[in-house]
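# quick one, fold the following:
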Amino acid sequence: MRNKEHKILFIGTGYIANIHAKTIKKLVEEGKINTRIVGCLTTSRKKGESFCKKFGGTPYGKLKDVLNQNKPSIVYICTPPFIKGDIESELGRNNINIFLEKPVAINNEQVVKLKKINKLNCNILIHVGFVWRFAGWVKQLMDIIKKEKGRIVINGYRFSKFIDSNKWSYKREKSGGFLVEQNIHLIDIFNYLNSFKKLNIINSTILKSQQVKHIKKKANIEDGGNVILKSKNKIFNLIFTTFSSAYYESGIELISENFFGKIILNNEGYFVSKIFDSFGVIYKNKEHISDLYKEQTLTFIKSIEDGSQLDVIPLSQGIKTSELCLAIYKNSKII
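Numbering: from 1, shown residues only. Just a heads-up that it's a prediction; the model follows:
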């Protein structure tokens, strides 16, 4: 028996909304999910019409209109970070499941609002879009951490030239800064590999906006930074730049007495993973980021249908990762 159709509304029509909508459309065509995009909510009629022409539905200017005319069962929130906090409350009151793109919060006021939502809405599913968690190498690293009794060092890095057409991206008060908006994927992985136990900030250095100003004169996001976190036998080290280089690369390394793992997310969107023990390679894989979006979407829809939340990323974890990012900024030395 086929599952009932899920109506999906998108709030926001930008880059990440298009990625999710394309993923949903592909999975529907493959017969793997039974969903229909009923429209989008946006402040730009032109962008809304363009989005709906590609993916279906009707562009709306007000949330109350879509709730009255074509109430969805699922809403994808793909708004800029500074808008979040209030929309989620309204959707929660209407018992609508939420896919919430990262970051969930860029300031303490948003954190407070989301914590209230997290306490009150136990009848709906809220999933946070940390797509990296669906990569095969994440489970492999977690299995190693459970086995390894000695010291473990985990390095995360992201080197990229930050070029974005969105004006808000270059304003820290609107994007949260480069650490929050982009490197939060790595912070989330750190939190996950530490089972969301407390991570102590040992050192945090942020490079003030200088090089980025060559791209946008009024920019105030950081040029980069270095963060060291510690929890019992684990050391987490993050290094990132906003302005270099011509080639994008991001990745994670795990170093311990008995294991070494290296994962690279390359310029073509592939995670290339290789993990060794003392006898040689024990895990090798290559997976495209688009496949992770598919896996995430399937997990989210299935969880709504059968009530299982095994691989869903709950709002509470999204909040904890945002709080850690805010604490890192607060304790940073600016140079």
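# what about the strands in the stretch 151-300 of the chain?
Secondary structure of the stretch 151-300 of the chain (DSSP state E, counting those that start in this stretch): strands located at 152-159, 200-207, 224-231, 234-241, 249-255, 259-265, 270-277, 280-288.
# between the longest one and strand 259-265, how big is the angle?
Angular relation of strand 280-288 and strand 259-265 on a 0 to 180 degree scale: 20 degrees, by axes from the mean of the first three to the mean of the last three CA atoms, to 10 degrees.
# paired strands for strand 280-288, with orientation please.
Using DSSP bridges, the strands paired with strand 280-288 are strand 270-277 (antiparallel).
# the third one now?
In its sheet, strand 224-231 lies beside strand 200-207 (antiparallel), strand 234-241 (antiparallel), with partners assigned from DSSP bridges.
# I figured residue 329 hits residue 178, correct?
No: between residue 329 and residue 178 there is no contact under CB atoms under 8 Å: 10.9 Å. Every residue, glycine included, has its C-beta placed from N, CA and C.
# thinking again about what came up before, go through the strands paired with strand 224-231 and pick out the most buried.
Among the strands paired with strand 224-231, the stretch with the highest mean neighbour count (mean count of other CB atoms under 10 Å) is strand 234-241, at a mean of 20.
# what about that strand, distance to the chain center?
18 Å (CA atoms, centre = their mean, to the nearest Å).
# now it - C-alpha only, PDB.
Listed next in PDB are the C-alpha coordinates belonging to strand 234-241 (Å, rounded to 0.1, in the frame of the first residue of the first chain):
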ATOM      1  CA  LYS A 234      39.800  13.700  22.300                       C
ATOM      2  CA  ILE A 235      41.300  16.900  20.800                       C
ATOM      3  CA  PHE A 236      39.400  18.700  18.000                       C
ATOM      4  CA  ASN A 237      41.300  21.200  15.900                       C
ATOM      5  CA  LEU A 238      39.600  23.400  13.300                       C
ATOM      6  CA  ILE A 239      41.400  25.700  10.800                       C
ATOM      7  CA  PHE A 240      39.600  27.600   8.100                       C
ATOM      8  CA  THR A 241      40.100  30.500   5.700                       C
END
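# if we can go back for a sec, of the strands paired with strand 224-231, which is nearest residue 37?
When the strands paired with strand 224-231 are compared by CB to CB, strand 234-241 sits nearest residue 37, at 34.2 Å.
# could I get the average pLDDT for that closest one?
Mean pLDDT, strand 234-241: 95.
# which residues touch that strand?
Around strand 234-241, the neighbours that count as contacts under CB atoms under 8 Å, 6 or more residues apart in numbering are 145, 151-160, 178-179, 182-183, 186-187, 190, 193-194, 199, 207, 223-230.
# cool, and stretch 13-28?
With CB under 8 Å, 6+ apart as the test, stretch 13-28 has contacts from 8, 10, 33-37, 40, 42, 44, 47-48, 50-51, 54-55, 76, 78, 80, 99, 101, 129, 166, 290, 293-294, 297-298.
# out of those, which are buried?
Among the contacts of stretch 13-28, those buried by neighbour count (16 or more other CB atoms under 10 Å) are 8, 10, 33, 35, 37, 40, 42, 47-48, 50-51, 55, 76, 78, 80, 99, 101, 129, 293-294, 297-298.
# low-confidence ranges, the protein, go.
1-2, 121-122, 161-165, 244-246 (pLDDT under 70).
# any idea which residue sits dead centre in it?
Central residue of the chain (CA atoms, centre = their mean): residue 130, 3.3 Å from the mean position.
# surely residue 68 is within a helix?
Yes: counting by DSSP: H, G, I helix; E, B strand; the rest coil, residue 68 is located in a helix.
# next, count neighbours for it.
9 (other CB atoms under 10 Å).
# about what we covered before: okay, residue 329 and residue 178: which has more neighbours?
For residue 329 versus residue 178, neighbours defined as other CB under 10 Å are more numerous around residue 178 (28 against 19).
# contacts only, for the more buried one.
By CB under 8 Å, 6+ apart, the neighbours of residue 178 are 162, 221-222, 224, 240, 242.
# now the residue nearest to the centre of the chain: how far from residue 36?
Distance of residue 130 to residue 36, given as CB to CB, to the nearest Å: 26 Å.
# over to residue 211?
Counting by CB to CB, the gap from residue 211 to residue 36 is 45 Å.
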